[in-house]
Each structure stands twice: as structure tokens, then as C-alpha cells.
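In: below are the sequence and a predicted model for it; my questions follow.
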Amino acid sequence: MELEQPPSPERQPRTSGFEVLDDAYLLEEETFSWYSPDDFYHVRIGEVFQSKYQVLGKLGFGSVSTAWLCRDLIGHEYVTLKAFVSDHRQAENEEKVYHHLSTIKTNHPGIKGIRSLRDSFQLPGKRGPHEFLIHDALGLTLGEIRDMSDGGKVSVDLLKPFTTCLLLALDFLHTEAHVVHTDIQEGNIMLAIKDDAIFMAFEQEEMDEPSLRKVDGERIIYASRALDVPDDASHNVLCDFGDAQFGAETYGGEVMPDLYRAPEIVLGIRWNEKIDIWAVGMMVWDLYEGKHLFKERLPSRMESVPAHIARMIELLGEPPKELLKRGQFSDMFFDENGSFTGDIKVEETSLEDEEENLDGEEKRVFLRFLRGMIQWVPEERKTARELVDDPWLNIL
């Protein structure tokens with residue numbers, strides 16, 4: 001009988017040798033205009049949660065959470081801890097979606113491209129409970145890979161398998177789980193790592209050169225530490241289900257990143273999984289071209305809608321009148337003849353004019369792939385399964 005391995009000893013973090021920032025400097029999550037220290041749980045490097053998850057260093061931060069590399073002292077493996085702000089709806093929703101996904105028995109190949117939830121727990125906070133999620137540890141995001149790439153453009157040799165893996169994951173979500181992710185973007189897709197060498201290096205770097213930080217009484221804000229580039233990542237994984245939806249045929253309301261908003265979002269049309277398909281088209285363009293297809297971002301999402309619609313007209317032509325009839329907000333931007341009434345000039349351009357990497361047949365095949373996703377009418381966008389078989393993804 002194999003004896004159970006005893007728990008790993010706790011690591012002892014450095015107590016000196018790190019740079020401390022002045023209080024006047026805003027670090028990471030503090031830079032958000034809505035930041036309040038009482039909303040965040042201030043995780044400390046070296047802290048142990050649930051008597052098993054020891055924090056090794058900070059991986060990143062977002063508007064409602066921070067992410068940390070931890071060592072599972074009992075399971076003897078690296079994991080990621082996601083710590084949410086107090087009592088936030090995204091925390092509850094994300095856990096609900098993960099539990100829904102865990103109930104689905106499937107052999108679908110896309111399941112490996114979906115992040116899973118290993119554990120969750122709550123701790124009290126000054127403004128309500130904090131939700132903590134434990135996941136498998138993952139590597140860089142596609143956004144970080146783009147930032148490291150020459151000219152900010154991901155090579156086609158990487159982009160094609162990344163896109164295929166994402167589309168398989170979406171095919172599982174859309175056809176078997178009936179989940180709409182709603183937040184497809186380069187920061188929410190991460191690399192799965194085959195071995196622990198990158199995480200071991202991260203841990204050692206934190207011991208050798210402790211993270212820059214800011215100390216305010218009992219509160220510590222840490223600078224994030226980047227993971228190394230893997231020599232051989234196995235596949236990419238879709239993460240962050242805080243805004244995902246399931247349980248209905250269509251949905252309403254504001255979702256999607258500002259620059260990735262599909263026509264049905266800005267026109268006020270009930271939406272479904274086809275908004276994820278639109279977002280994949282936006283993201284593929286960004287990663288391959290090294291620039292956003294849509295550029296106008298104003299403090300208010302509504303303020304930027306006229307420019308967003310004008311850009312859609314530039315690239316796709318006038319929207320079909322039948323689509324406008326479905327939109328709650330269509331009459332704010334179009335007259336009864338379907339003509340755009342915004343005070344934004346519609347420039348003369350096209351996808352062909354703006355695509356800069358390709359020529360000839362290669363360009364035609366790539367743009368045909370994009371147009372399978374970037375369509376005014378949701379029903380005219382291809383499904384994830386159809387896109388997996390597209391010639392552009394399968395031409396070597």
C-alpha cells in the first residue's frame with residue numbers, strides 16, 4: 001500500500017531586500033478610478049489559505065479581482081488563486097457557471113480548452129464576504145504573447161492553433177453547455193503549461209528578488225511578476241466566466257468589451273452565442289494585424305456608440321433594414337429609411353484596404369474567414385464548429 005505523502009513545509013518569504021514605494025504612488029489595482037481599499041482582500045505573499053494554499057507571488061489584477069500563484073501544500077502542485085472584491089456579482093456568477101460546466105458529461109475535444117474550478121471558499125471582509133476561486137495554474141495570456149511579438153503581431157503559426165483551440169472550446173460551450181461567454185478577448189485566453197519549470201522559476205525569482213510593493217499600515221499592494229515564455233505550451237484555455245450567461249435562448253443588456261461590441265449590443269437587440277463569434281473575429285484581427293479594428297473608446301460606453309456604428313458601416317456597409325427593426329436603440333442612430341443619422345463621418349475604407357500582412361489569394365482566404373464572423377446579422381455568422389473547418393485555419 002502506497003503511503004500518503006506528507007504536506008510540504010511552508011515557504012518562508014523574504015522580509016527584506018525589496019523596494020517599497022512612496023504612498024503617493026498608485027500601484028496596479030489602486031490605479032482604477034473606483035478603487036477602494038476596503039473592497040479588496042489584501043492577499044500577502046506567504047499567506048496560507050484553507051491550511052493548504054500558500055501564496056508565492058502576484059500574477060495579475062483586474063477591476064474586481066487579483067490573481068496569485070500558490071503552492072498546494074497538500075496536493076504538492078501549483079495552483080492559481082483568484083481573490084474577488086467584497087460581495088461582487090461576478091464572483092457569484094463565475095462560480096455558478098463553473099459548477100454548471102462541471103455537471104456536463106462529455107467527450108467533446110473542446111472541454112480541454114475551458115478552465116475548470118478546483119475549489120472555492122469565502123472569507124469575511126470589511127464590506128462583505130470575499131469569494132476565492134482555485135484553478136489550475138496557467139501561463140501567459142494571448143495578450144502578453146502579442147506584446148512580446150515582433151510589431152505586436154502574433155505569427156500565423158501560433159495564431160492558427162490558438163484560434164482552432166478557442167473555437168473548439170466555444171463549440172462545446174455553445175452546443176453542449178449552452179453558455180455564452182460574452183467576454184472573449186486576448187486577456188482571457190491563457191496557455192496551458194506542460195511542466196512546472198516556469199512556476200518553479202517564478203517562485204525562485206520571488207525569493208531572490210522580492211516584488212516591489214507599497215505598504216500602508218497593514219495593507220500591502222504588490223507589483224505583479226511576469227511568468228516566463230514556455231518552450232512548449234500544450235494548448236490555450238478560455239478563462240474568466242464572470243459575465244457568462246446560460247439557461248436561456250437569448251439575453252439582453254450590456255456585455256462585451258467596448259471595442260469588441262457586436263451590432264446587437266449597440267442596437268439593443270436580444271443576443272445569443274453569436275456575440276462570441278463576433279468577438280473571435282475582433283480578437284483574431286487584433287492579434288494578427290497588431291491593431292484594433294475598432295478604435296473609439298470614450299469614458300461612457302454610450303458616447304462611443306455613434307463612432308462604433310460608423311465604423312461598422314465603413315467595414316460592412318449599411319445594416320439591413322430588417323435588422324434595424326429588431327433594435328431597441330436603432331432609431332437613435334438611423335432614420336426610417338435605414339440611413340445613418342450620427343454626426344460621425346463614415347470614411348471610405350474596407351477590410352481589404354486595412355489588412356496589411358497579406359496579398360493575393362492568402363489575403364482573400366483570410367478575409368473570407370473573418371467575414372464568417374464579422375457580419376451585421378447574427379444568424380449570418382458561422383458557428384464555431386463551421387469555423388474550425390475553415391480553409392484559412394487548415395492551410396499550412
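Out: Alright, I've got the coordinates.
In: which SSE is residue 131 in?
Out: Per DSSP states H and E, residue 131 falls inside strand 130-136.
In: for that strand, packing partners?
Out: Under the contact criterion of 3 or more CB pairs under 8 Å, 6 or more residues apart in numbering; DSSP states H and E, strand 130-136 touches strand 77-84, helix 89-102, strand 119-123. (Each C-beta comes from the backbone N, C-alpha and C, glycine too.)
In: ok, then the element right after it?
Out: For strand 130-136, the succeeding helix or strand toward the C-terminus, using DSSP H and E, is helix 142-148.
In: my read: residue 261 touches residue 307, true?
Out: No. Between residue 261 and residue 307 there is no contact under CB atoms under 8 Å: 11.4 Å.
In: these two: which is more packed in?
Out: More crowded of residue 261 and residue 307, by other CB atoms under 10 Å: residue 261, with 24 against 18.
In: out of the helices and strands packed on strand 130-136, which gets nearest to residue 363?
Out: Closest to residue 363 of these is helix 89-102 (CB to CB; 37.9 Å).
In: how far does that closest one sit from its chain's centre?
Out: A distance of 15 Å separates the C-alpha centroid of helix 89-102 from that of its chain, computed with CA atoms, centre = their mean, to the nearest Å.
In: please apply the same query to stretch 336-346.
Out: 33 Å.
In: hey, C-alpha coordinates of that stretch in CSV?
Out: Extracted in CSV, the C-alpha atoms of stretch 336-346 (Å, rounded to 0.1, in the frame of the first residue of the first chain):
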residue,chain,number,x,y,z
GLU,A,336,-36.9,55.3,-41.2
ASN,A,337,-35.0,54.6,-44.5
GLY,A,338,-32.2,52.9,-42.7
SER,A,339,-29.7,55.8,-43.2
PHE,A,340,-27.2,56.6,-40.5
THR,A,341,-28.0,59.9,-38.7
GLY,A,342,-25.0,60.2,-36.5
ASP,A,343,-22.7,63.2,-36.7
ILE,A,344,-19.7,61.0,-37.3
LYS,A,345,-18.3,60.9,-40.8
VAL,A,346,-18.3,57.4,-42.5
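In: and the gap between the residue most central in space within the chain and residue 352?
Out: Nearest to the mean C-alpha position of the chain, counting by CA atoms, centre = their mean, stands residue 188 at 1.9 Å. Between residue 188 and residue 352 the distance is 29 Å, computed by CB to CB, to the nearest Å.
In: over to residue 304?
Out: According to CB to CB, residue 304 and residue 352 sit 25 Å apart.
In: who has more neighbours out of the two?
Out: A side-by-side neighbour count of residue 304 and residue 352, using other CB under 10 Å, places residue 304 first with 20 against 9.
In: residue 294 contacts residue 260, doesn't it?
Out: Yes. Contact criterion CB under 8 Å: residue 294 and residue 260 qualify, at 7.4 Å.
In: who touches both of these two?
Out: Common contacts of residue 294 and residue 260 (CB atoms under 8 Å, 6 or more residues apart in numbering): residue 282.
In: those two: which is more packed in?
Out: Taking other CB under 10 Å, residue 294 and residue 260 do not tie; residue 260 has more neighbours (23 against 19).
In: pLDDT of the strand or helix carrying residue 60, averaged?
Out: Assigned by DSSP H and E, residue 60 falls within strand 53-61. The pLDDT scores in strand 53-61 average 97.
In: now the angle between strand 119-123 and it, please.
Out: If you take axes from the mean of the first three to the mean of the last three CA atoms, to 10 degrees, strand 53-61 sits at 90 degrees to strand 119-123.
In: distance from strand 53-61 to the middle of the chain?
Out: Taking the mean of its C-alpha atoms, strand 53-61 sits 19 Å from the chain's own mean (CA atoms, centre = their mean).
In: and for stretch 77-94?
Out: Relative to its chain's centre, stretch 77-94 lies at 14 Å (CA atoms, centre = their mean).
In: which parts of it are buried?
Out: Neighbour counts over stretch 77-94 (16 or more other CB atoms under 10 Å) mark 78-86, 88, 90-91, 94 as buried.
In: would you point out the most distant pair within those?
Out: Largest separation among the buried residues of stretch 77-94 by CB to CB: 78 and 86, giving 27.0 Å.
In: off-centre distance for stretch 152-162?
Out: Centre-to-centre, stretch 152-162 and its host chain are 17 Å apart (CA atoms, centre = their mean).
In: which residues are in contact with it?
Out: 142, 145-146, 149, 189, 235-236, 284, 287-291, 357, 392-393.
In: what of stretch 246-253?
Out: For stretch 246-253, the external contacting residues (CB under 8 Å, 6+ apart) are 97, 100, 177-180, 245, 268, 270-272.
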